[in-house]
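Student: missing the sequence, but the structure's below:
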């Protein structure tokens, strides 16, 4: 079988970049059913929502515990010096439910976390790292060309052969949420302005989350701090 950007080798270990959001959490759980060992990688940038995100992720990992799942690896890539007094670091003026996808783009984020993830995999003998990018991702660091070029450059610099795979590259949010039915999705976290440790219910990412559940008529188990229905 020939393995491409969407199909990691199921006979080998896999690392999964996981934020704790719906897409990466579902990918992690699915991968644990397919691979002999799955290493969840969480990259800390110093962003405003990360403390709450990590708390949710820890609970999700406890609830999907299985023999293939390895302990969470936390990698630090401080980025506050890059983003400065930005909504992502201050939690102020966060893009709301009516904002376009482009409003939540953080330039260089994929560059930073993919480079460290590839090096980690190289050093630990893990042949591939998976990320849960969707087919609808509009950003320049999510194109197949970027992924292929970046993978080649980093591997050239370390003498490695780690692959970046994107199993959800041809799926949309609703299709991924459907795959996650039956998982403890209440312990996933997608918010960029948490309120008292919960989803705010009114930011760009909460709206995307709500729409994902609504589009497949799956009850949304998320406890929101302030529920605001997303637009169609």
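Tutor: Yes, it's here. In this text the structure is predicted, and so the values were computed from the model without any measurement.

Student: Strands along the chain, start to end?
Tutor: 14-17, 38-44, 73-76, 128-130, 163-165 (DSSP state E).

Student: any idea of the mean pLDDT for the fourth one?
Tutor: For strand 128-130, the mean pLDDT works out to 97.

Student: what comes up buried for it?
Tutor: 128-130 (16 or more other Cβ atoms under 10 Å). Quick note: C-beta positions are derived from backbone N, CA and C, even for glycine.

Student: Output the below-cut-off pLDDT ranges for the protein.
Tutor: 1-4, 226-232 (pLDDT under 70).

Student: so where do the helices sit in the protein?
Tutor: Under the criterion DSSP state H, the chain carries helices at the ranges 22-32, 50-63, 80-83, 87-90, 109-124, 144-158, 173-179, 204-215.

Student: Please render the ones you listed as CSV that adds mean neighbour count to the earlier fields.
Tutor: Formatted as CSV, these follow (neighbours: other Cβ atoms under 10 Å):
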stretch, mean neighbour count
helix 22-32, 24
helix 50-63, 17
helix 80-83, 14
helix 87-90, 18
helix 109-124, 19
helix 144-158, 14
helix 173-179, 19
helix 204-215, 21
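
Student: would a markdown table of those helices with distance to residue 102 be doable?
Tutor: As requested, these are exported to a markdown table (distance: least, Cβ to Cβ, whole Å):
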| stretch | distance to residue 102 |
| --- | --- |
| helix 22-32 | 18 |
| helix 50-63 | 22 |
| helix 80-83 | 16 |
| helix 87-90 | 14 |
| helix 109-124 | 14 |
| helix 144-158 | 16 |
| helix 173-179 | 17 |
| helix 204-215 | 10 |
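
Student: list the contacts for residue 166?
Tutor: 5-6, 130-133, 147 (Cβ atoms under 8 Å, 6 or more residues apart in numbering).

Student: Would you mind saying which of the helices of the chain lies nearest residue 186?
Tutor: helix 50-63 (8.9 Å; Cβ to Cβ).

Student: same for the closest one, what does it pack against?
Tutor: Contact analysis of helix 50-63 by 3 or more Cβ pairs under 8 Å, 6 or more residues apart in numbering; DSSP states H and E lists strand 38-44 as its packing neighbours.

Student: tell me the most buried of the strands of the chain?
Tutor: The highest mean neighbour count among the strands of the chain, using mean count of other Cβ atoms under 10 Å, belongs to strand 14-17: a mean of 26.

Student: mind listing what that one pairs with, with the direction of each?
Tutor: strand 38-44 (parallel), strand 128-130 (parallel) (DSSP bridges).

Student: Adding distance to residue 56, write those out as TSV.
Tutor: Shown next, in TSV, are those (distance: least, Cβ to Cβ, whole Å):
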stretch	distance to residue 56
strand 38-44	11
strand 128-130	20
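
Student: hang on, the earlier thing: which one of the helices of the chain lies nearest to residue 96?
Tutor: Comparing these under Cβ to Cβ, the one sitting nearest is helix 204-215, at 6.5 Å.

Student: Does anything pack onto the closest one? Which helices or strands?
Tutor: helix 173-179.

Student: measure residue 30 to residue 36 for me?
Tutor: 15 Å (Cβ to Cβ, to the nearest Å).

Student: which residues touch residue 121?
Tutor: 15, 127-129, 160, 162.

Student: how close does it sit to residue 107?
Tutor: 24 Å.

Student: Same check on residue 88?
Tutor: Taken as Cβ to Cβ, the span from residue 88 to residue 107 is 11 Å.
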